[in-house]
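**Student:** The sequence isn't on hand, but the structure is:
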């Protein structure tokens, strides 16, 4: 069985090559880029799958060990790594979210948090970012890191903010204008099987899949942001991954940076929330 599992995983490795990560000493460029970058956190969704747990608050306001919420933990992590400017895209339960976030982060004196209310009807992340730009919450000359507030990073081996900014600078040198952060070797939740002529010849239970999975983190330079005016409006719910990314891929302007899959936690269900809590309480879990 072990040989069959190894055979299966070797077959998976052929599906995609590892992402190329260029090494350059660009410390000064990274520092300048970070000064002109805004962390944009979408947290205005309805959180329907978490409604029973979140009840009368947004799911990103759920508390975690250490006295933070999911949202304040993310802001605090970025701030500790050097980020200064934050824009929160708020909608449902906005008042309680703002109140709890301000209270929990009052000790951070060197950051600025702005709250951009979503339009009255759901417009998706594309419309929410466009709205924040048009209302002046996002400066026109800044780059942005759009990080879904329910996509938590834990146990990352380094400075996440520094590394993704460095990756985007390299993206720009390669002619790109946007960088998708992806998780490498993420777990496949089922038993996967290799089938030949109707017979199962190898299998793996919950295998590690090498195909890069885009997580809820994207870096958009000014060129990419200029497309929002043409691609998005407030008439329908649209996410920029579905409408902007295909265009950039066609033009060869979307790059990617990979992080270890076991450092990314998507929190969309109560079970995923429990898994994340166990991971931060006991990193060996």
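**Tutor:** Alright, I've got the coordinates. Note that the coordinates shown come from a computational prediction; the quantities given were computed from them, not determined experimentally. Numbering: from 1, shown residues only.
**Student:** Next one: the closest residue to residue 110 other than its chain neighbours, what pLDDT does it get?
**Tutor:** Distance criterion Cβ to Cβ, 6 or more residues apart in numbering; nearest residue to residue 110, sequence neighbours excluded, is residue 84 at 6.5 Å. Where you see a C-beta, it was placed from the backbone N, CA and C, and this is true even at glycine. Looking at residue 84, its pLDDT reads 97.
**Student:** What of residue 55?
**Tutor:** Looking at residue 55, its pLDDT reads 66.
**Student:** same deal with residue 162?
**Tutor:** Residue 162 is given a pLDDT of 96.
**Student:** Pull the number of nearby residues for it.
**Tutor:** 15 (other Cβ atoms under 10 Å).
**Student:** swap in residue 148?
**Tutor:** Around residue 148 there are 21 other residues, counting by other Cβ under 10 Å.
**Student:** I'd like the numbering to begin with 45 instead of 1 from here.
**Tutor:** Right, with 45 as the first residue, what we last looked at is residue 192.
**Student:** Nearest spatial neighbour of it, chain-adjacent residues omitted?
**Tutor:** Using Cβ to Cβ, 6+ apart and skipping residues adjacent in sequence, the residue nearest residue 192 is residue 260, 3.0 Å away.
**Student:** mind listing the helices for the stretch 95-244 of the chain?
**Tutor:** 95-98, 114-124, 138-148, 168-178, 204-217 (DSSP state H, counting those that start in this stretch).
**Student:** winner for burial among these?
**Tutor:** Burial of those is given as mean neighbour count (mean count of other Cβ atoms under 10 Å); helix 168-178 ranks first at a mean of 23.
**Student:** quick one: contacts of that helix?
**Tutor:** Outside helix 168-178, the residues that touch it by Cβ atoms under 8 Å, 6 or more residues apart in numbering are 84, 86, 88, 131, 133, 135, 160, 162-163, 167, 182, 184, 188, 190, 192, 269, 272-273, 275-278, 280-285, 287-288.
**Student:** what does stretch 121-132 give?
**Tutor:** Outside of stretch 121-132, the residues within contact range by Cβ under 8 Å, 6+ apart are 78-79, 81-85, 87, 115, 119, 141-142, 145, 149, 152, 154-160, 176, 181-182, 186, 193, 197, 203-206.
**Student:** count of residues packed around the residue nearest to residue 192?
**Tutor:** Neighbourhood size, residue 260 [other Cβ under 10 Å]: 18.
**Student:** Where does it fall, secondary structure wise?
**Tutor:** Element membership of residue 260, judged by DSSP states H and E, is strand 257-264.
**Student:** Quick check: buried residues in that strand?
**Tutor:** For strand 257-264, burial by neighbour count (16 or more other Cβ atoms under 10 Å) applies to 259, 260, 261, 262, 263, 264.
**Student:** how much space between the third one and residue 212?
**Tutor:** Spelled out, that is residue 261. Using Cβ to Cβ, to the nearest Å, residue 261 is found at 11 Å from residue 212.
**Student:** what do you get for the fourth one?
**Tutor:** Using Cβ to Cβ, one obtains 10 Å as the distance from residue 262 to residue 212.
**Student:** before we move on, what about the second one?
**Tutor:** As for residue 260, its distance to residue 212 is 16 Å (criterion: Cβ to Cβ).
**Student:** No more questions from me, cheers.
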